[in-house]
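# starting from these lines, generate the structure:
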Amino acid sequence: MTNRYDEAYKESMENPEGFWAKAAEEIKWDKKWDKVLDDSNAPLYRWFAGAECNTCYNAVDRHVEEGRGDQDAIIYDSPITGRKSKTTYSELKDQVSRLAGVLKARGVEKGDRVVIYMPMIPEAAVAMLAVARLGAVHSVVFGGFASNELAVRINDAKPKVIISASCGIEPGRVIAYKPLLDGAIELSDHKPLATVIVAREEAEAELKDGYDFDYATELAKAEPADCVSVKATDPLYILYTSGTTGQPKGVVRDNGGHMVALKYNMSALYNCEPGDVYWAASDVGWVVGHSYIVYGPLLHGCTTVMFEGKPVGTPDAGVFWRMIEEYNIRVLFTAPTAFRAIKRDDPEADFLDKYDTSCLNALYLAGERTDPDTLNWAQEILKKPVVDHWWQTETGWAICANPLGLHEFEVKPGSPTKPMPGWDVQVLDDAGHPVGANTIGSIVCKLPMPPGTLPTLWEKDDLYKSKYLEEFPGFYATADAGIIDEDGYVSIMARTDDIINVAGHRLSTGGMEEVLSGHPDVAECAVIGADDKLKGQNPVGFIVLKRGVEKSNDEIIAEVVKLVREKIGAVAAFRKCVVVERLPKTRSGKILRGTMQAIADCKDYKAPGTIEDMSVLPEIDEALQSIGYSSAR
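The predicted model follows:
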């Protein structure tokens, strides 16, 4: 394969406006742009200024017009409920235009906000597209968020209408959404004009007459609404990052640049053709769900998969392989934690032998660092390319990746490979000076960032500047630390606050985790820096073992301590490690290292609203006490 990456990357650096103007030809515009890049209000850059467009039209209507009406747009599979369905592009257009009509009848217009509080069902995607159809702005909140977390977002976005469902379903439990939604509206100073509720048979919702409207009833009698043209620079959605109980951080995504970037990446990065089946095993509440369950695949004319289940336990560690075979899935995108869970339950990948997964072209991993052990295991069992790519809620798409549609680079485990076209990635020291190859520092991206990234935070330009742009003027601070090697490969070692200082030595907890995860009996792990009066900080390790391990915990701990000493050196001072049943995580699979560190340091903490299970925190406290930390100190 010729290396088209070098050519694309060079052009994107030397002539970014020409590069992205060419990519923008893939989008249907109601009016072309006056300027590809508007830098008149730098550092608040805007892409495709003066252009007009509609995202829903590009994701749905154009495919019907171009002959894809009978192709499946959405495949829904819910091993939790046993339900499955397929929705063609024509059917999707009908549902979306009708729901847009429902919203229009409730007063929703261009620029208004609509909060979507939904489980992983097709109606969630329909809701997002219906809001976009009207030129309104959606803010999806992860279904099941506590009332106070939802209220913070309602107060900030000030939605006219909220779309929700009667419940969400997790393995072994039903979460009634309506009481949580009612509680949030009661807590909020801002009161929406109405709610639209999808009824699910697992839980009935009590609807207030004249305020709460039944989704199916309203859809059946609705007048379909047409697409409303908006400016390319108008907001498409607001997505709140975690920790919004202080000053809410609503990441804004615009319409034009967002479409251009996602359409480009479906081919350049994910190597997809229109008509391919693409599965991002995430949730619409996260950025992955926005970019690669709903918008990216549909903009590209692919079939997208909505999965209401888990990688293990619904019913077993073979569910991903069953999905791939049943739906002829070409690309699977999931979090490393999903593969760690599969590896923990089925270390020999016996379930894989029961299914034909030859249709799969590649596996993509993102959400947190992909440790080399998980990467190698996935490569070994799948015998397909495994792409570790790195991006953030704020960026909307990959900063660094192995772009299979341009060139397949040799994989270096632990590295998400090279910057994608459009991204000028650099490593700086604390004073803002560039560092040499293989030297750890703060990873930053030179401004302007490419299309599809956040132009600002919702109604908070100053907070956007102070949080992301002021630490290193002229750059976007990723808050990640890492290195760039002599071949240009980027490695993300840790969040900048996960670089710990042990007796004057700056050490990466990610580097230690890499060593721990390489032990054959370790399924997953985390390392934090706990306060130490003498050394500043000391590393503390937590390991979860694979099923069926026969050695004692003490034996394994002795072995991993020895491994860290051998691979990183005595300077790491790694002596404290504990075996735990599970690690505290968000629902998207991120390990809550900051919360664990606060417990170790006896500091007050507030578990984020995104935590999967609060009951794990007392277990972590108990484990820390057993090695002399937390309340035992």
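# ends of stretch 560-579, how far apart?
Chord length of stretch 560-579, first to last residue, is 11 Å (C-alpha to C-alpha, to the nearest Å).
# just the buried positions in it, please.
560-561, 563-565, 568, 572-574, 576-579 (16 or more other C-beta atoms under 10 Å). Any C-beta I mention is one placed from the backbone N, CA and C, and that applies to glycine too.
# what's the answer for stretch 507-518, then?
By neighbour count on 16+ other C-beta under 10 Å, the buried set for stretch 507-518 is 507, 508, 509, 510, 511, 512, 513, 514, 515, 516, 517, 518.
# again with stretch 41-57
Going by neighbour count (16+ other C-beta under 10 Å), the buried part of stretch 41-57 is 43, 45-57.
# give the partner strands of the helix or strand harbouring residue 47 in its sheet and their orientations.
Per DSSP states H and E, residue 47 falls inside strand 46-49. Paired neighbours of strand 46-49 in the sheet (DSSP bridges): strand 35-38 (antiparallel).
# ok, back up a step: could I get the buried residues of stretch 560-579 in TSV, plus columns for pLDDT?
Output for these, formatted as TSV (pLDDT from 0 to 100):
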residue	pLDDT
560	93
561	92
563	90
564	87
565	81
568	76
572	77
573	82
574	89
576	92
577	94
578	94
579	95
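# in strands, which of the buried residues of stretch 507-518 fall?
Counting by DSSP state E, the part of these found in strands is 507, 508.
# any chance of TSV for the buried residues of stretch 507-518, columns pLDDT?
What follows is the buried residues of stretch 507-518, written out as TSV (pLDDT from 0 to 100):
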residue	pLDDT
507	74
508	73
509	83
510	79
511	78
512	87
513	88
514	84
515	88
516	93
517	89
518	89
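# residue 75: which of the buried residues of stretch 41-57 is nearest?
Ranked by distance to residue 75 (C-beta to C-beta), the buried residues of stretch 41-57 are led by residue 56 at 19.7 Å.
# pLDDT on stretch 220-239, on average?
The average pLDDT within stretch 220-239 is 98.
# compute the first-to-last residue distance for that stretch.
Start to finish, the residues bounding stretch 220-239 are 30 Å apart (C-alpha to C-alpha).
# pull the distance from it to the chain's centre.
23 Å (C-alpha atoms, centre = their mean, to the nearest Å).
# name the residues of it that are buried.
In terms of neighbour count (16+ other C-beta under 10 Å), stretch 220-239 has its buried residues at 222, 224-225, 227-239.
# among the residues you listed, which lie within strands?
Judged by DSSP E, strands contain the following of the buried residues of stretch 220-239: 230, 231, 235, 236, 237, 238, 239.
# please identify which pair of those residues lies farthest apart.
Using C-beta to C-beta, these reach their maximum pairwise distance at 231 and 239, which is 19.7 Å.
# hang on, residue 611 packs against residue 583?
No - counting by C-beta atoms under 8 Å, residue 611 stays clear of residue 583, with 11.2 Å between them.
# which neighbours do those two have in common?
Counting by C-beta atoms under 8 Å, 6 or more residues apart in numbering, the residues touching both residue 611 and residue 583 are residue 592.
# distance to residue 195 added to the buried residues of stretch 560-579, as JSON lines?
Below are the buried residues of stretch 560-579 laid out as JSON lines (distance: C-beta to C-beta, whole Å):
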{"residue": "560", "distance to residue 195": "51"}
{"residue": "561", "distance to residue 195": "54"}
{"residue": "563", "distance to residue 195": "54"}
{"residue": "564", "distance to residue 195": "53"}
{"residue": "565", "distance to residue 195": "58"}
{"residue": "568", "distance to residue 195": "54"}
{"residue": "572", "distance to residue 195": "53"}
{"residue": "573", "distance to residue 195": "55"}
{"residue": "574", "distance to residue 195": "52"}
{"residue": "576", "distance to residue 195": "50"}
{"residue": "577", "distance to residue 195": "49"}
{"residue": "578", "distance to residue 195": "46"}
{"residue": "579", "distance to residue 195": "46"}
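# list just the nearest of the buried residues of stretch 41-57 to residue 252.
Ranked by distance to residue 252 (C-beta to C-beta), the buried residues of stretch 41-57 are led by residue 46 at 11.3 Å.
# start and end of stretch 482-492, how far apart?
Using C-alpha to C-alpha, one end of stretch 482-492 lies 4 Å from the other.
# you'd agree residue 60 is up against residue 93?
Yes - Residue 60 is in contact with residue 93 according to C-beta under 8 Å; the separation is 5.1 Å.
# how about the helices in the stretch 51-200 of the chain?
In the stretch 51-200 of the chain, the segments counted as helices under DSSP state H, counting those that start in this stretch are 55-56, 62-63, 89-105, 122-133, 147-157, 177-187.
# could you do the stretch 351-500 of the chain as well?
Going by DSSP H, counting those that start in this stretch, the stretch 351-500 of the chain shows helices at 372-382, 461-464.
# winner for burial among the ones you listed?
Most buried of the helices of the stretch 351-500 of the chain by mean neighbour count (mean count of other C-beta atoms under 10 Å) is helix 372-382; its value is a mean of 19.
# distance from it to the middle of the chain?
Using C-alpha atoms, centre = their mean, the offset of helix 372-382 from its chain centre is 21 Å.
# what mean pLDDT does that helix have?
pLDDT averaged over helix 372-382 gives 94.
# residue 60 and residue 93: which has the busier surroundings?
residue 60 (29 against 24; other C-beta atoms under 10 Å).
# so what pLDDT did residue 145 get?
Each residue has a pLDDT score; the one for residue 145 is 80.
# that one reaches residue 180, doesn't it?
Yes - taking C-beta under 8 Å as the definition, residue 145 is a contact partner of residue 180 at 7.3 Å.
# so what's the residue nearest to residue 34 when sequence neighbours are not counted up against?
In this structure, residue 34 finds its nearest non-sequential neighbour in residue 50, 3.1 Å apart by C-beta to C-beta, 6 or more residues apart in numbering. Residue 50 sits next to 31, 32, 33, 34, 35, 231, 232 when contact means C-beta under 8 Å, 6+ apart.
# and what of residue 109?
Taking C-beta under 8 Å, 6+ apart, we find residue 109 in contact with 134, 135, 136.
# can you lay out those as TSV showing pLDDT and neighbour count?
Shown next, in TSV, are the contacts of residue 109 (pLDDT from 0 to 100; neighbours: other C-beta atoms under 10 Å):
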residue	pLDDT	neighbour count
134	98	26
135	98	25
136	98	27
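# how many neighbours does residue 604 have?
By the criterion of other C-beta under 10 Å, residue 604 has 5 neighbours.
# spell out the secondary structure type for it.
Secondary structure, DSSP: H, G, I helix; E, B strand; the rest coil: residue 604 is coil.
# who is residue 278 paired with across the strands?
Counting by DSSP bridges, the residues bridging with residue 278 are residue 304, residue 331.
# hmm, I typed the wrong one, I wanted residue 175.
Here residue 175 sits in beta bridges with residue 168, going by DSSP bridges.
# that one and residue 146 touch, don't they?
No - with contact defined as C-beta under 8 Å, residue 175 does not reach residue 146; the gap is 10.8 Å.
# so between those two, which is more surrounded?
Neighbour count, other C-beta under 10 Å: between residue 175 and residue 146, residue 175 has more, with 15 against 11.
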